[in-house]
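Q: For reference, the sequence and a predicted model appear below.
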Amino acid sequence: MPAPFLGRLSVVLWAVAASLFAWYVSGIARQITYVTLADGRRQERRLPLAFRLLLPLAPNIAPLFDGPSASRLRERADAMLASGGYDGLLSAREFLSLKILLPVCLGPFWCLLSSVGFRSSPRLASLALPVSLLGLVLLYSWPMIWLRRAVRRRQTAILRSLPFVLDLLTLSVEAGLDFMSALRRCTERTSVDPLSEELLRVVHETQVGSSRRDALRAMSARVGLSDLRSVVSALVQADELGVSLGSILRIQSAQVRARRFERAERLANEAPVKLLAPLMLFIFPAVFLILLGPVFHQMMHRL
């Protein structure tokens with residue numbers, strides 16, 4: 001076969017392969033992933049596109065994390081996935097497999113791009129290897145960074161809605177409802193936030209036979225939030241000692257609001273210190289250039 005024909009054929013095959021890959025990526029990007037709540041409702045929860053592209057390859061790597069040596073890694077990943085709200089969507093074995101698949105599958109592309117980009121400049125050619133290694137490390141660390149951000153975002157949402165839910169529980173209990181009926185009343189809203197998801201799970205666990213204390217303790221361990229842990233411990237102690245839940249809920253609501261106000265004050269006090277670095281790096285040089293730039297321009301023009 002003549003060489004020009006082989007060249008055209010290779011170009012056509014590469015174009016077909018690129019089109020099929022783009023079609024696959026666009027199909028994965030349009031997919032919507034859901035988690036099933038305790039009451040049967042489904043809520044949208046998206047994974048990053050790179051995770052969804054590599055998840056079909058996870059069963060090939062997952063057996064590496066089945067042994068007893070990886071039990072701590074699985075337990076930690078399970079706890080963080082539950083805290084982030086992805087426990088029904090992503091398993092610990094799949095999450096740990098993604099940490100291996102990302103640098104293995106995407107690392108060669110990053111190394112190729114860095115080598116091509118730095119070799120165009122002879123002065124920067126020595127930086128190609130460090131940049132490639134740094135990219136591999138970042139690809140390996142990206143799933144854990146993403147999960148920690150998801151956990152932090154979910155805990156912040158729970159912390160914001162906790163005082164309001166405690167007020168609703170206080171009013172319901174003082175109006176004559178028992179605690180579990182008050183919990184069901186709080187979870188009947190159409191919009192489901194992270195705290196409502198956890199309360200739905202508590203109600204479901206009590207319905208299937210778990211005690212109220214165990215369900216509340218499991219929620220506290222699952223969320224991993226200190227304010228919620230203190231509320232749960234106070235409710236469990238009140239249940240054990242027979243103290244009125246209305247007064248306990250009112251006290252806990254006031255304490256949660258006081259702690260939130262203290263955190264807001266601390267963040268407000270930290271703001272000037274955090275603004276000092278961008279002030280020195282960007283604002284002062286900009287003001288310096290605006291004020292003295294014309295003077296330097298005139299001096300350079302005269303010289």
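A: It's in.
Q: phi, psi of Val244?
A: I think there's a mix-up here, since residue 244 is Ser and not Val. phi -60, psi 130 (degrees, to the nearest 10).
Q: Please enumerate the helices of the chain.
A: Assigned by DSSP state H, the helices in the chain fall at 3-30, 49-54, 58-61, 71-84, 92-101, 107-119, 128-174, 179-186, 194-207, 212-223, 226-241, 245-278, 284-302.
Q: Now mean pLDDT, mean neighbour count and distance to Thr36 too, for those helices, in a markdown table please.
A: (Glycine included, C-beta is placed from N, CA and C.) A markdown table is the format used below for those (pLDDT from 0 to 100; neighbours: other CB atoms under 10 Å; distance: least, CB to CB, whole Å):
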| stretch | mean pLDDT | mean neighbour count | distance to Thr36 |
| --- | --- | --- | --- |
| helix 3-30 | 73 | 10 | 21 |
| helix 49-54 | 85 | 17 | 18 |
| helix 58-61 | 86 | 15 | 20 |
| helix 71-84 | 89 | 17 | 14 |
| helix 92-101 | 90 | 22 | 17 |
| helix 107-119 | 76 | 14 | 34 |
| helix 128-174 | 87 | 17 | 17 |
| helix 179-186 | 83 | 18 | 19 |
| helix 194-207 | 87 | 20 | 11 |
| helix 212-223 | 88 | 18 | 16 |
| helix 226-241 | 85 | 16 | 23 |
| helix 245-278 | 81 | 13 | 29 |
| helix 284-302 | 70 | 10 | 52 |
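Q: and of those helices, who's closest to Arg41?
A: For the helices of the chain, the distance to Arg41 is smallest for helix 194-207, at 8.4 Å, taking CB to CB.
Q: Which strands or helices does that closest one pack on?
A: Contact analysis of helix 194-207 by 3 or more CB pairs under 8 Å, 6 or more residues apart in numbering; DSSP states H and E lists helix 128-174, helix 179-186, helix 212-223 as its packing neighbours.
Q: As CSV, those with distance to Thr33 would be great.
A: Output for the helices and strands packed on helix 194-207, formatted as CSV (distance: least, CB to CB, whole Å):
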stretch, distance to Thr33
helix 128-174, 14
helix 179-186, 27
helix 212-223, 20
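Q: So for Ser69, which of these sits nearest?
A: Minimum separation from Ser69 across these (CB to CB) falls at helix 128-174, 18.7 Å.
Q: Can you check what angle separates the closest one from helix 107-119?
A: 130 degrees (axes from the mean of the first three to the mean of the last three CA atoms, to 10 degrees).
Q: Domains of this protein: list them as residue ranges, please.
A: Domain assignment for the chain by automatic domain parsing gives 33-156, 157-261.
Q: Out of the helices of the chain, which gets nearest to Gln43?
A: The nearest among the helices of the chain, by CB to CB, is helix 194-207 at 7.7 Å.
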